[in-house]
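Peer 1: Predicted model, plus sequence, below.
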Amino acid sequence: MKPRSTTRTENATTTTRTMGNATTTRSETTIGMDLGDKFHVLRVLDGAGNVIGEGRISWTYGALEGTFARRAQTTVALGAGTHSPWVSRALAGWGHTVLVGNPRKVRAIRRAWRRATGGTR
């Protein structure tokens, strides 16, 4: 069965750096992923935090590779869960910065944020 993939993006900014003989391209976007058993839902944010794309991909390795393997290096945030170990290893292997959020820590993070900011946004 062929993996399905749908994504939509607008105005992604990339930065290219040359170091010696190696050239790396780093995207100014951040991608949030909600990992599921059938599909992973994606939301792409620009540097200002505006949503510039969203979509979903099949949970298979092939679909993940087709979406991220040749993409400019970016930061990908995902929640801890059943698929997060292999997804985070694959993304890191393709040069992306991966952040895995622990849902058990959200309450503590929120409490610390409220104390630090006085509870305002």
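Peer 2: On my side now, so go ahead.
Peer 1: which stretches of this protein have low pLDDT?
Peer 2: Along the chain, segments meeting pLDDT under 70 span 1-27, 110, 113, 119-121.
Peer 1: out of all of them, which helix in it is the longest?
Peer 2: helix 106-117 (DSSP state H).
Peer 1: Output that helix in CSV, but only the C-alpha positions, please.
Peer 2: Taking C-alpha atoms only, helix 106-117 is exported to CSV below (Å, rounded to 0.1, in the frame of the first residue of the first chain):
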residue,chain,number,x,y,z
VAL,A,106,2.9,20.2,31.2
ARG,A,107,1.2,21.2,34.5
ALA,A,108,4.6,21.9,36.2
ILE,A,109,5.8,23.9,33.2
ARG,A,110,2.5,26.0,33.2
ARG,A,111,2.8,26.6,36.9
ALA,A,112,6.4,27.8,36.6
TRP,A,113,5.5,30.0,33.6
ARG,A,114,2.6,31.6,35.6
ARG,A,115,5.0,32.3,38.6
ALA,A,116,7.6,33.8,36.2
THR,A,117,5.2,36.0,34.2
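Peer 1: The residue lying closest to residue 46 once chain neighbours are set aside - how many residues pack around it?
Peer 2: Using CB to CB, 6 or more residues apart in numbering and skipping the chain neighbours, the partner closest in space to residue 46 is residue 52 (4.9 Å). Where C-beta positions appear, they are placed from N, C-alpha and C, glycine not excepted. With neighbours defined by other CB atoms under 10 Å, the count for residue 52 comes to 17.
Peer 1: mind checking how far residue 52 is from residue 74?
Peer 2: Noted for residue 52: a distance of 12 Å to residue 74, by CB to CB, to the nearest Å.
Peer 1: Identify the contacts common to these two.
Peer 2: In terms of CB atoms under 8 Å, 6 or more residues apart in numbering, residue 52 and residue 74 are both contacted by the residues residue 29.
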